[in-house]
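Peer 1: Whatever this is, show me its structure:
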Amino acid sequence: MVIKEKDFVTPKQGILITYKGKFNMDDLYKKCKPFFDSRKYIFTEKEQTEKTKAYGNEFKIIWEAEREVDDYVKFYIKSTFEGWDLLKKEDNYTGDLKINLIANLILDYRNTFIRFPFLLFIYNNFIIKKKIENVYESKLYHEINEYTDLLKNILNITK
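Peer 2: Numbers count the residues shown, from 1 in each chain. Below is the predicted model of the structure:
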């Protein structure tokens, strides 16, 4: 496996959680944000759109969380929430929800090797390859699994 600047821990298309029923997005936010805060991620809401349709509301919300692990590696988690056929009553929605989670390592985020792509290849694939696989990927994989479990618990989805 050739390790470049981005090393996916999840499949490139992400981990998909689907849910049909009643949920509260404010509740999801209030319970997920502390997860990232406690792990010292910088949490950003990149997008929030909602459309009223004749057959029900639709929304799309994108969260991004980044954490510098050291001078070379950064953890990145992207959460995309999409809801459709939604009936909204106060703060609660009833309908279909799809959550897509993507987690990857951002290597050389300070662009140390930007002018030397061959050295980047050597460094990632030979010098620190085992550390990338056994330490960084393992840690982020564990965190994305904890986050997935948290989301499923909030939505009351059985494993």
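
Peer 1: by contact count, what packs against the host helix or strand of F36?
Peer 2: Using DSSP states H and E, F36 maps to helix 25-38. Under the contact definition 3 or more C-beta pairs under 8 Å, 6 or more residues apart in numbering; DSSP states H and E, helix 25-38 sits against strand 42-51, strand 57-68, strand 73-89, helix 137-155. Every residue, glycine included, has its C-beta placed from N, CA and C.

Peer 1: Just the residues contacting it, thanks.
Peer 2: With contact meaning C-beta atoms under 8 Å, 6 or more residues apart in numbering, helix 25-38 is reached by 43, 59, 61, 63, 65, 77, 79, 81, 91, 93, 146-147, 150-151, 154-155.

Peer 1: now stretch 102-115
Peer 2: Here stretch 102-115 has contacts from 3-10, 12, 14-15, 66, 68, 71-78, 80, 119-120, 123-124, 132, 136-137, 140-141, 143-144, using C-beta under 8 Å, 6+ apart.

Peer 1: List buried residues within these.
Peer 2: 3, 5, 7, 9-10, 14-15, 66, 72-78, 80, 120, 123-124, 132, 136-137, 140, 143-144 (16 or more other C-beta atoms under 10 Å).

Peer 1: How much space separates N134 from I128?
Peer 2: Remark: distance between N134 and I128 (C-beta to C-beta, to the nearest Å) = 10 Å.
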